[in-house]
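S.K.: 3D model of this:
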Amino acid sequence: LPKENLVLSVEGTYKISNNLDVFAEYASSALTQDLRAQDGSGGKGGLAGLLFNGKTSTEYHTALRAGMNYTFDQSSVGVAYERIDPGYETLGSYYFNNDFENITLNGATALLDNLLNLTFNVGYQRDDLNNKKDNATSRMVGSVNATANVNERLSITGSYSNFRTFTNVKVNQFDNINDDSLLDNNLDTLDYKQLSQTAMLGINYVISQKENLQQ
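M.R.: From the prediction side, this is the model:
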């Protein structure tokens with residue numbers, strides 16, 4: 001179908017102090033699914049709707065990302081929040097994730113005169129923000145990364161991550177009422193968790209570092 005799209009976004013960073021800064025980004029998308037539709041409003045306009053000639057097939061969605069970072073000595077810690085409306089789409093991307101909410105906490109530090117660098121990330125994500133999907137999923141992830149520069153030739157890297165995914169399969173109440181084999185259903189299949197762990201260790205050693213040969 002012939003489509004039309006307008007996206008407006010505003011992004012900014014503010015330095016509260018030498019150690020603390022905040023950032024935010026807001027985007028609004030107006031997308032007409034069929035230009036042949038009649039003029040009118042297909043929903044809430046948002047920021048993009050102020051400059052867009054809406055039709056009955058026009059959809060308006062928003063996306064938001066905000067957070068703050070705090071630095072001290074040779075360390076930093078930050079928190080971020082991200083939310084993208086269900087159905088958010090732009091014609092500038094072939095594929096775009098939507099319908100999710102993210103909350104993340106991250107940190108980094110340098111130890112032993114910068115010989116050891118550590119970073120960590122902890123995050124929570126959920127989808128089905130409008131409670132309309134058949135399945136609702138939430139995820140928890142935590143990861144730790146370390147890099148040790150033993151000397152000019154030898155470096156060691158390692159990482160560990162732990163993922164936990166929880167899925168809730170919603171049951172259609174009409175199907176429940178008309179199901180003759182309710183006793184055969186196993187309730188464990190309606191809610192389930194998936195756990196996974198990943199660990200990595202890498203060692204890099206420079207044998208030769210000349211102008212015409214590096215090994």
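S.K.: who touches the most centrally placed residue in the chain in this structure?
M.R.: Centroid check for the chain by C-alpha atoms, centre = their mean gives Asn102 as the closest residue, at 5.4 Å. By C-beta atoms under 8 Å, 6 or more residues apart in numbering, the contact set of Asn102 is 80-83, 123-125. For every residue, glycine as well, the C-beta is placed using N, CA and C.
S.K.: try it again with 7 Å
M.R.: The neighbours of Asn102, taking C-beta atoms under 7 Å, 6 or more residues apart in numbering as the test, are 81-82, 123, 125.
S.K.: just Lys193 next, same as before
M.R.: By C-beta under 7 Å, 6+ apart, Lys193 lies in contact with 164-166.
S.K.: repeat for Val206
M.R.: Applying C-beta under 7 Å, 6+ apart, the residues near Val206 are Arg153.
S.K.: any idea how far it lies from Thr119?
M.R.: Using C-beta to C-beta, to the nearest Å, Val206 is found at 23 Å from Thr119.
S.K.: repeat for Ser75
M.R.: 10 Å.
S.K.: what residues are shared contacts of the two?
M.R.: Counting by C-beta under 7 Å, 6+ apart, the residues touching both Ser75 and Thr119 are Ala108.
S.K.: just checking, which helix or strand of this structure averages the lowest pLDDT?
M.R.: helix 173-177 (a mean of 51; mean pLDDT, DSSP states H and E).
S.K.: pretty sure Lys15 is touching Met68, no?
M.R.: No. Taking C-beta atoms under 7 Å as the definition, Lys15 is not a contact partner of Met68, at 10.7 Å.
S.K.: residue ranges with poor pLDDT in this structure?
M.R.: For the chain, applying pLDDT under 70 flags the ranges 41-44, 94-95, 171-189.
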